[in-house]
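**Q** Pasting the sequence and the predicted model now:
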Amino acid sequence: MSREFDIPYGISPVAITTSGFIIVSTKKSFYHGLKYINTSTTPVTIVVYDNVSTTSGNILDMLRVSATTGGDSDHFFPVIAKSGIVVSISGTANQGTVFYAPKG
């Protein structure tokens with residue numbers, strides 16, 4: 001019996017719609033990836049950190065999305081965030097979300 005889709009995960013509490021940074025999780029989590037759509041004419045850079053409240057520490061993922069395109073980063077085997085997950089967005093943000101599974 002296949003159970004490949006029987007994996008509980010959460011979606012970030014807020015959508016990625018502004019530049020700056022967003023706190024996704026404040027506890028140990030499994031980071032599965034993110035999806036992003038850029039409708040602006042400038043590129044957007046997204047960096048995902050293993051941190052509780054700021055953009056420092058270990059980098060879990062990086063994604064650069066060109067102008068007027070979409071992008072994603074999908075991890076079949078999740079990356080462990082020991083502290084939490086914070087997402088930093090530079091450029092004109094449009095729409096995106098983060099997939100993760102809280103630990104415990």
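**A** Yes, it's here. Residues are numbered from 1 along each chain as shown.
**Q** Could you point out the longest strand of the protein?
**A** Taking DSSP state E as the criterion, the chain has its longest strand at strand 69-81.
**Q** same for whichever strand or helix holds Thr45, what does it pack against?
**A** Using DSSP states H and E, Thr45 maps to strand 44-50. When contacts are defined as 3 or more Cβ pairs under 8 Å, 6 or more residues apart in numbering; DSSP states H and E, strand 44-50 packs onto strand 29-38, strand 58-65, strand 85-90. No exception for glycine: its C-beta is placed from N, CA and C like everyone else's.
**Q** Mind doing that once more with 10 Å?
**A** Where contact means 3 or more Cβ pairs under 10 Å, 6 or more residues apart in numbering; DSSP states H and E, strand 44-50 is packed against strand 20-25, strand 29-38, strand 58-65, strand 69-81, strand 85-90, strand 95-102.
**Q** Tell me the buried residues in the longest one?
**A** The one in question is strand 69-81. Buried positions in strand 69-81, judged by neighbour count with 16 or more other Cβ atoms under 10 Å: Gly71, Ser73, Pro78, Val79, Ala81.
**Q** That strand - what's its average pLDDT?
**A** Throughout strand 69-81, pLDDT has a mean value of 84.
**Q** And for the last one?
**A** Across strand 95-102, the average pLDDT comes to 86.
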